[in-house]
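Colleague: coords please:
(chains A and B)
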Number of protein chains: 2
Amino acid sequence: MITATAYAKSPVSQAPRRVSILGSTGSVGCSTLDLIGRDPSHFDVVALTGNSNAELLAQQAVAHDADLAVLADPAGLEDLKSSLSGTSVEAAAGQDALIEAVTRPTDWTMAAIVGSAGLRPTLEAVRQGKSVALANKECLVSAGDIFMEEVAKSGTRLLPVDSEHSAGFQAIDPNASDAIEKITLTASGGPFRTWTQEQMKIATRDDALNHPTWSMGDKLTIDSATLMNKGLELIEAYYLFPVEPEQLNIVIHPQSIVHCLVEYSDGSVLAQLSSPDMRTPIAYSLAWPERMWAPTERLDLAKIGSLDFEAPDYDRFPAPLMAVQALKADNGSTTVLNAANEIAVDAFLKRRIGLPSINALVAETMEAVARDGLSKPKSLEDVLALDALSRTLARTLLQDMI
Amino acid sequence: MITATAYAKSPVSQAPRRVSILGSTGSVGCSTLDLIGRDPSHFDVVALTGNSNAELLAQQAVAHDADLAVLADPAGLEDLKSSLSGTSVEAAAGQDALIEAVTRPTDWTMAAIVGSAGLRPTLEAVRQGKSVALANKECLVSAGDIFMEEVAKSGTRLLPVDSEHSAGFQAIDPNASDAIEKITLTASGGPFRTWTQEQMKIATRDDALNHPTWSMGDKLTIDSATLMNKGLELIEAYYLFPVEPEQLNIVIHPQSIVHCLVEYSDGSVLAQLSSPDMRTPIAYSLAWPERMWAPTERLDLAKIGSLDFEAPDYDRFPAPLMAVQALKADNGSTTVLNAANEIAVDAFLKRRIGLPSINALVAETMEAVARDGLSKPKSLEDVLALDALSRTLARTLLQDMI
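Modeller: Next up, the predicted model:
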C-alpha cells in the first residue's frame, strides 16, 4: 500500500536517453536494440557500430533512426554507403571513424565489441564520463587496472552486462558496501560437471559445445566447459566490486537461475535471480537507475522446483584458481592468462589439443612469460604488447604440445 | 577493487544511536539486546519495557545502562524497584508509565510487545517520527490503515523485523519500486506440508508444535502449521510494500533460507537469503541504513545442496486466501480474522478443537460479524471495539462447535 514514491530516491527521467551501441550487430547489440525498439520514446540512438556486417548495420541504423553507422572493417564501407543512400544516416568505416563515433555525445554507451578489439573504443567511451554498459570482458580481464583508473578519473558510471556481474551490482546494498563479507558467482558447471577426470581427457569439441543452460558463442561455451569463464568473471568481479580477491567465490548451480550472491556482515545474503536471458541484464543497464519492462520469461520457482548448489571441484576444474592466483600476483598475469586461454581454446576448437590441455597450455604460458620477467602494464600499449607476447609464446608452446 | 566509498550513499553515523526496546524481555527484545551488547559504543539505551518479568528487566537495564525500566504490569513494580535500588536506572510500571517511556527521545525504537497490547505503545512510538523497528504483527494486521496513516503523518521510518518482511525491505530496489511486478513470501509449509487432508483432521497439538525450521512461540507455531501465519504476513506485506493485494504471493520453501523474493519488470528477481536466525533481521533494522555484524551462522549453499519450492495447496491450507480476501474487502475484516484466529488457536492448543476447525471458526466468525454489519474502523478505539466484538462472537461460535 505504501506508495512507490515513498521508496523512490531518484526522479524519473523525462528526456529520451541518448545511446550509442559499439558492436550493435553482435548478440548483445541486437538484444539491446530489441529492447530499445520496444520503448523508442525513451531512447535516441546516436551511433551504431559493427565489425563487418554492413547489411545488418544499415538495417539497424535505419530502423532505429541512428545518426551514424560505422563499420570497423573499412572493406564494407561501400556496401554500407549504398545501403544507407537516401537516408539521413551518416556512414563511415575504419578505426578512426569508430573512435570518432564513440566521442559523439551520449548519455549511455553499450560497449559490446568482443575481444581485444574492444579495448580502445571502450576506453574512449569511458573517457566521455557518462554511463558505459560493459559487455566486453577484455577491458577488465586484460587491462583492469588501467581501465578502472580511467573510470575513476572520468567519473563514468560502469554498468556490468554479464549476467553474474549485473546480478552482483543489483545485490550490492549501496549503503552497506563496506559490510560485504563475500561475493559468490554461480557457475552452471558446464557439460562436464558430472564427468570424471578420465572422461574429460577424451571430451570432444561437440561434447563441450553442448552447454546445458545458456546459448552463446563457441569460445564462451568452451570457457564455460573448463570453468575458465568463471575464472575470468572472478577477475572482472574484483575490478567491479568493493572486495579483495579472498572475498570472491564461486558455487556450482546447474540451473543458472541465481546469478550472484552478496553476503553481508549481518548474515544477510542478497541475490539476483532470473531466467537465463541476456535481455534482463541488458535492460537493467539500459534503464539504470530505474527499470524497464523486458519480454523475458518470468521466474516460476514452484515450477522449477529446486535450485541446486555444489562446491566446485578444482581438481577437475582448476581454471578459477589459476585466475585468482593471476589476480593476486598483480603483475599483468591476468593479461597473460586471457591471451594464452584464447590460443588454447582456439586450438581445442580446431581439434588440435584435448580439453585438459587448455589449462596446461595456459599454465605453461604463464610460467614462460614469468621466466622472461613480467612487469605490471602501465598503459594500454603495455597491455597490448604483453598480450601479443603471450600469444606468441602460447603458439610456440602449442607446437611442442601437439 | 572499487572502494566501498564509491558505492556508499550515506555517511557513516558517528554518534551512538539512542534506542528504546518495548518488550525487551521477550525473544526479539533479548536478541536485540544481545546485538547491542556486542557493539555497545554505537548504542545508548534509553528505555526498556517488559510485561511482568521484573528480574530479567532489571538485569537488562543494569547490563545495558538504560535510563529507565518499565513494567506494563504494575504488580511487579516493587520487585523492579528493589532489583534496581542503588543503580541509576529509573523504575516505573503501568500503562501510563509505558506510554511515558515511549515518548522519551530516541533515534530508534524496537516495537516488540506481542499481541494487541502492543497497539497503543507502538502507535505512540510511531508518533515520535523517528525509526521504529516493527516486530508486533497486530499493528498492521489488525489496524493497518490507521497505523500506516500515523506512519505517513509522522514521517517515521518503519523497519520490518519479521524475517520475510525484512527480506522484502532489503530486496526492494529503492530506485525502481514502481517497477515491482510481484512480491513472494516464502513459507516453510509447516509440519503438515506433506500430510493429507484426512491426516490433518486428526493432527494433534504435539504434531503441530513440531516446526521444522524455526523455533518460536506456540501461537506462532500453530499459525505456521495452518499457514495463517503466512496469511497475516501477506496483510503486513500489503501495508509495508508498494503493491496491491493481487501482486502478493506465497511459495512453499521447506528450508526457510530464501525469505522473500521481489520480481521486477525487467525479469530480475531480488531475494534475501539467510540462515533462519532472527538476529539477522533485527541487526538489519538496528543498523539501517548501514549494516552491523551479527553472530549468525553464515549461509553455505553448497552444504545445504538444494533449495526447494512448491506451490501452496490452498485446499489443505486455505488461510492465506482468507487473509487476502479479508484484505481486499477493505472493511475491517483483517481485524476480525486476526481476533477469531487467536481464539481458535487458543482452543486448539487447549485440545478443544481439531486443526481444520481453526479455519472453520475463523470463517464462521467473519461471516457472523459481516452479518451484523461491518464498517471500516476509523480509529484505534474502533479497532479495539471490533477486535473485542470478534472475540466474543468467536467464543460463542466455539461453544457451538465443541
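
Colleague: show me the shaky parts of the stretch 101-250 of chain A.
Modeller: Along the stretch 101-250 of chain A, segments meeting pLDDT under 70 span A:211-216.

Colleague: strands of that one, start to end?
Modeller: Assigned by DSSP state E, counting those that start in this stretch, the stretch 101-250 of chain A shows strands spanning A:108-111, A:131-134, A:157-160, A:180-187, A:248-252.

Colleague: what would those strands look like in a markdown table with distance to chain B and mean neighbour count?
Modeller: To be clear about C-beta, it is placed using only N, CA and C from the backbone, and glycine gets the same treatment. Listed next are those as a markdown table, based on distance: least, Cβ to the nearest Cβ, whole Å; neighbours: other Cβ atoms under 10 Å in any protein chain shown:
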| stretch | distance to chain B | mean neighbour count |
| --- | --- | --- |
| strand A:108-111 | 15 | 27 |
| strand A:131-134 | 13 | 27 |
| strand A:157-160 | 9 | 22 |
| strand A:180-187 | 7 | 23 |
| strand A:248-252 | 6 | 21 |
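
Colleague: next one: A:Ala347 from A:Thr365, what distance?
Modeller: According to Cβ to Cβ, to the nearest Å, A:Ala347 and A:Thr365 sit 12 Å apart.

Colleague: more crowded one of the two?
Modeller: Neighbour tally, A:Ala347 and A:Thr365, criterion other Cβ atoms under 10 Å in any protein chain shown: the higher count belongs to A:Thr365, 27 against 20.

Colleague: quick one, what contacts that one?
Modeller: A:Thr365 is in contact with A:Val336, A:Ala339, A:Ala340, A:Ile343, A:Ser390, A:Leu393, A:Ala394, A:Leu397, counting by Cβ atoms under 8 Å, 6 or more residues apart in numbering or on different chains.

Colleague: let me have those in a markdown table, extended by pLDDT, neighbour count and secondary structure.
Modeller: Output for these, formatted as a markdown table (pLDDT from 0 to 100; neighbours: other Cβ atoms under 10 Å in any protein chain shown; DSSP: H, G, I helix; E, B strand; the rest coil):
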| residue | pLDDT | neighbour count | secondary structure |
| --- | --- | --- | --- |
| A:Val336 | 97 | 28 | helix |
| A:Ala339 | 96 | 28 | helix |
| A:Ala340 | 97 | 28 | helix |
| A:Ile343 | 97 | 22 | helix |
| A:Ser390 | 97 | 28 | helix |
| A:Leu393 | 97 | 22 | helix |
| A:Ala394 | 98 | 27 | helix |
| A:Leu397 | 97 | 20 | helix |
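
Colleague: can I get those in TSV including distance to B:Lys201?
Modeller: Shown next, in TSV, are the contacts of A:Thr365 (distance: Cβ to Cβ, whole Å):
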residue	distance to B:Lys201
A:Val336	69
A:Ala339	69
A:Ala340	68
A:Ile343	69
A:Ser390	72
A:Leu393	75
A:Ala394	71
A:Leu397	73
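
Colleague: wait, doesn't A:Arg193 sit right on A:Ile252?
Modeller: Yes. With contacts counted by Cβ atoms under 8 Å, A:Arg193 reaches A:Ile252, the gap being 6.5 Å.

Colleague: for the strands of the stretch 101-250 of chain A, give me TSV that also has distance to A:Met228.
Modeller: TSV is the format used below for those (distance: least, Cβ to Cβ, whole Å):
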stretch	distance to A:Met228
strand A:108-111	22
strand A:131-134	19
strand A:157-160	19
strand A:180-187	11
strand A:248-252	12
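
Colleague: contacts for the helix or strand containing A:Leu57, please.
Modeller: Per DSSP states H and E, A:Leu57 falls inside helix A:54-63. The contact list for helix A:54-63 (Cβ under 8 Å, 6+ apart) reads A:24-25, A:30, A:33, A:37, A:45, A:48-50, A:66, A:68-69, A:71, A:76-77, A:79-80, A:83-84, A:87, A:89, A:91.

Colleague: let's see which of these end up in helices.
Modeller: A:Cys30, A:Leu33, A:Gly37, A:Leu77, A:Asp79, A:Leu80, A:Ser83, A:Leu84 (DSSP state H).
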